[in-house]
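A.B. asks: coordinates only, sequence not included:
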């Protein structure tokens, strides 16, 4: 077993687990720093890095949040799997948007955001050393969660010319079921 990395900040030394060293830096931290730098310099910035809203939500959403905040049924945690009404509404959305029928009780899970959901799925399905093929560009959470699970990432590159869809040749070349060592960046 190797020694954990010691990190000292504000006079406090903390041992950081070895498995954490493989977690890539969050690109949103760097993007937020760049946005702040240019805003401080007086530039008008449209920040698309995290899907941040650029305006106020519609009034009906604000009213719904205010109503839910006053409802005593919402003064406690919901059931582990999510509120049945929400899950039923989500299943209805999938049916309308994609023609996919889902059972809200067995095929949907409410999470506290996309990052939590992605992390939960990867932690559930990926073992140490497993290969995870990602079609790039991808949301950074996939790579970070794979690193926490001690999996390995194989990126299938795409391009705007192909509508960011991988070609069959690229998918066939993915080292599924055979050893793969990622190239150093």
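C.D. replies: Thanks, I have it. This is a predicted model, so every value here is computed, not measured.
A.B. asks: any low-confidence regions in the protein?
C.D. replies: Within the chain, the stretches with pLDDT under 70 are 1-9, 177-185.
A.B. asks: now the helices for it?
C.D. replies: For the chain, the helices defined by DSSP state H occupy 27-40, 59-70, 84-98, 114-125, 140-148, 168-173.
A.B. asks: Any idea which of those helices gets closest to residue 104?
C.D. replies: With C-beta to C-beta, the closest approach to residue 104 among the helices of the chain belongs to helix 84-98: 3.7 Å. C-beta coordinates here come from the backbone N, C-alpha and C atoms, glycine included.
A.B. asks: Tell me, how many residues neighbour the residue lying closest to residue 84 once chain neighbours are set aside?
C.D. replies: Spatial nearest neighbour of residue 84, chain neighbours left out: residue 104 (6.8 Å); criterion: C-beta to C-beta, 6 or more residues apart in numbering. For residue 104, the count of nearby residues is 20 (other C-beta atoms under 10 Å).
A.B. asks: my guess is residue 104 meets residue 95, correct?
C.D. replies: No - counting by C-beta atoms under 8 Å, residue 104 does not reach residue 95; the two are 10.8 Å apart.
A.B. asks: re the thing from before, how about the helices of the chain in JSON lines, adding mean neighbour count?
C.D. replies: Converted to JSON lines, those look like this (neighbours: other C-beta atoms under 10 Å):
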{"stretch": "helix 27-40", "mean neighbour count": "12"}
{"stretch": "helix 59-70", "mean neighbour count": "10"}
{"stretch": "helix 84-98", "mean neighbour count": "13"}
{"stretch": "helix 114-125", "mean neighbour count": "14"}
{"stretch": "helix 140-148", "mean neighbour count": "20"}
{"stretch": "helix 168-173", "mean neighbour count": "10"}
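A.B. asks: now for the ones you listed, which one comes closest to residue 17?
C.D. replies: helix 140-148 (10.2 Å).
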